[in-house]
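# Give me a model of this one.
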Amino acid sequence: MKPITRRQALQLGAVGGLGVAIGGIGLSQTGLPWGGRVADGDLLVEPEVLRSSGGLLQVDLVAARREVTIAGRQVQALTYGGTLPGRTWWVRPGDTIEVQLRNELDTPTNLHTHGLQVSPSGNSDNPFLSIDPGQSFGYRFTLPEDHPSGVCWYHPHRHGSVADQLFGGLYGALIVEDEKMPVSRERVLVVSDISLTAGGQIATASGMDVMMGREGDLLLVNGQHRPHMSARPGERERWRVINACTSRYLRLALPGQRLELLGIDGGQEQAPREVRDVLLAPGNRADLLVSMSAGSGEFQTLGYDRGGMGMGMGMMGGRNLSGAEAIATLTVSGQETSTPDTVPVRSPVLRDLREQPVARRREIAFTMGMGSMMRGGGSMMDLGFDGRTFDIDRVDQRVAAGAVEEWLITNPTPMDHPFHLHVWPMQVIETDGQPVSEQVWRDVVNVPAQGRVRVLIDFARHPGRTVYHCHILDHEDAGMMAIVDVG
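Down below sits the predicted model:
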């Protein structure tokens, strides 16, 4: 293990990002490579569970290419522990997670515990570590005693290869438990997408795919294509849903059933709030209650317009990005059962930062400009923040430990960008000039095209150096990432 260097960061940003040749194999835009027929309809299978014991969760995590079955076909995917997704980790506030990560890939990797409020330094949630092929490294993540409960996840964060490794299958759920809810069943649903060649390999992203943010031909949940779920009328289930797609937005809906939102990311609703649909940008997670009524239907994404490149070149890409699609089917039948007791009201875990003095205000802007390929060089576009692409040797924001800051995140580009800040959650206080009255906490905040979002951030804990970036991971790899140093 060694830290990634500036030269490696620049090289990988070119190779893994917008320097990919336009004429490559690319992701399919006209259908599946084996004629458009896929196997689906199997019963939903949830990943194996690992639970902490005595305040400790120990994990042996092997990142390797393995043969798995996807949509009835044998596929050479990237896996954690030979499965897609990896095992689900269950922990409690105050726990420690010890992970022995072994890299059996042919490229460097590392590990990010997305959503955990833990140290960004040393062998904790450090995005600057680089674990070479054949190497092992021991991570240790210690959760504060008052860590919020919620739905988190883990995935690689080695700059230049994040999108390829996640798209290839490296991801898993990480649940910080709270008090038990009166429900009949709990499900963990990891939604991802993937594109395959006729030979069962992961399809390569073209330069155009990377510019737009690649979306796969197959939409999966727990590694399965359109699996089947069943329940009885009157049952209430708790669904923890993760958007582990590289770029795809999900607008989740379950027509015919009652959906109630418990929280998104680490933000909790005080009481369940009935919703018709829930928008998850890439990296977002939802905690849902589902009250079952007799009938059959689809758990689906309704589609979301996340914009395009424009720029006098048409809406580059031409595909129905983040379009409507079925994720799974649900049949509710059999003898009716009684509904569990009312779900208790929960007290907010995080303090309302609007009551705190603001030490500093900053404005941070997503930027996209004509790249060197257009000027006779190697990349189609220059992506970054405030007119600068990522530089591992440059600190973009220096913050005093203990400060509460207000950040205005602006997006003058023609497409949405999800803004992710590691370690410190963001309280959303304004969207496009409209104040947000309730407490809204996110670690991924979608900033619409031509829009802006204002957030408050408490830097009281976990000093150190980490990153913020676009969670369209092709954009991150291509340079839409920056460094914040708190100390």
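
# Quick one: the strands in the stretch 1-150 of the chain, in order.
Along the stretch 1-150 of the chain, counting by DSSP state E, counting those that start in this stretch, strands occupy 2-3, 49-51, 56-70, 73-80, 88-91, 96-104, 112-114, 129-130, 136-142, 150-155.

# of all those, which lies closest to Gly266?
Go through these one by one with CB to CB and the one that ends up closest to Gly266 is strand 150-155, at 4.1 Å. Yep, even glycine has a C-beta here, placed from its N, CA and C like the rest.

# tell me which residues in that closest one are buried?
Of the residues in strand 150-155, those buried by neighbour count under the rule 16 or more other CB atoms under 10 Å are Gly150, Val151, Cys152, Trp153, Tyr154, His155.

# Equivalent analysis for stretch 461-475, please.
Neighbour-count burial for stretch 461-475, counted by 16+ other CB under 10 Å, picks out 462-475.

# Distance-wise, check the spatially closest residue to Leu302 that is not a sequence neighbour relative to Ser52.
Excluding its sequence neighbours, the residue lying closest to Leu302 (CB to CB, 6 or more residues apart in numbering) is Arg251, at 4.4 Å. Using CB to CB, to the nearest Å, one obtains 33 Å as the distance from Arg251 to Ser52.

# Same question for Pro255.
Between Pro255 and Ser52 the distance is 37 Å, computed by CB to CB.

# what are the phi and psi values for Arg351?
phi -70, psi 150 (degrees, to the nearest 10).

# so who does it touch?
Each residue near Arg351 by CB atoms under 8 Å, 6 or more residues apart in numbering is listed here: Asp458.

# Where does pLDDT dip in the stretch 301-450 of the chain?
With pLDDT under 70 as the threshold, the stretch 301-450 of the chain has low-confidence stretches at 310-320, 340, 344-349, 370-380.

# all strands in it, in order from the N-terminus.
Taking DSSP E, counting those that start in this stretch as the criterion, the stretch 301-450 of the chain contains strands spanning 325-332, 360-370, 381-385, 397-399, 404-411, 417-421, 426-431, 434-435, 441-442, 444-447.

# do you know which of those strands lies nearest Asp125?
Proximity of those to Asp125 was assessed by CB to CB; the nearest stretch is strand 417-421, lying at 12.1 Å.

# Show me what the closest one is packed up against.
Packed against strand 417-421 by the contact rule (3 or more CB pairs under 8 Å, 6 or more residues apart in numbering; DSSP states H and E) you find strand 444-447, strand 464-470.

# would you list the ones you listed in JSON lines and tack on distance to Leu105?
Conversion of the helices and strands packed on strand 417-421 to JSON lines gives the following (distance: least, CB to CB, whole Å):
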{"stretch": "strand 444-447", "distance to Leu105": "26"}
{"stretch": "strand 464-470", "distance to Leu105": "22"}
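
# Quick one, which of those strands gets closest to Val290.
Nearest to Val290 among the helices and strands packed on strand 417-421 is strand 444-447; the distance by CB to CB comes to 22.8 Å.

# And the closest one, how far out from the chain middle?
Using CA atoms, centre = their mean, to the nearest Å, we find the averaged C-alpha position of strand 444-447 to lie 11 Å away from the chain's own average C-alpha position.

# Same question for stretch 100-109.
The chain centroid and the centroid of stretch 100-109 are separated by 20 Å, computed with CA atoms, centre = their mean.

# got the CA positions of that stretch in PDB?
C-alpha atoms of stretch 100-109 as PDB (Å, rounded to 0.1, in the frame of the first residue of the first chain):
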ATOM      1  CA  GLN A 100      -8.400  -6.800   5.600                       C
ATOM      2  CA  LEU A 101      -8.600  -5.900   2.000                       C
ATOM      3  CA  ARG A 102      -6.700  -8.000  -0.500                       C
ATOM      4  CA  ASN A 103      -6.400  -6.800  -4.100                       C
ATOM      5  CA  GLU A 104      -6.500  -9.600  -6.600                       C
ATOM      6  CA  LEU A 105      -7.500  -7.300  -9.500                       C
ATOM      7  CA  ASP A 106      -5.100  -6.300 -12.200                       C
ATOM      8  CA  THR A 107      -5.300  -2.600 -11.300                       C
ATOM      9  CA  PRO A 108      -4.800  -0.600  -8.000                       C
ATOM     10  CA  THR A 109      -7.800  -0.200  -5.700                       C
END
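
# Identify the residues contacting that stretch?
Residues outside stretch 100-109 that contact it (CB under 8 Å, 6+ apart): 4, 59-65, 78, 110-111, 130-139, 156, 158, 161, 164-165, 170.

# Buried subset of those, written for ChimeraX?
This is the ChimeraX syntax for the buried subset of the contacts of stretch 100-109, where burial follows 16+ other CB under 10 Å:
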select :4,59,61,62,63,64,65,78,110,111,130,131,137,139,156,158,161,164,165,170
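
# Return the backbone torsion pair for Asp393.
Per-residue torsions, Asp393: phi -100, psi 0 (degrees, to the nearest 10).

# What degree of burial does it show, as a neighbour count?
Asp393 sits with 9 neighbouring residues when counted by other CB atoms under 10 Å.
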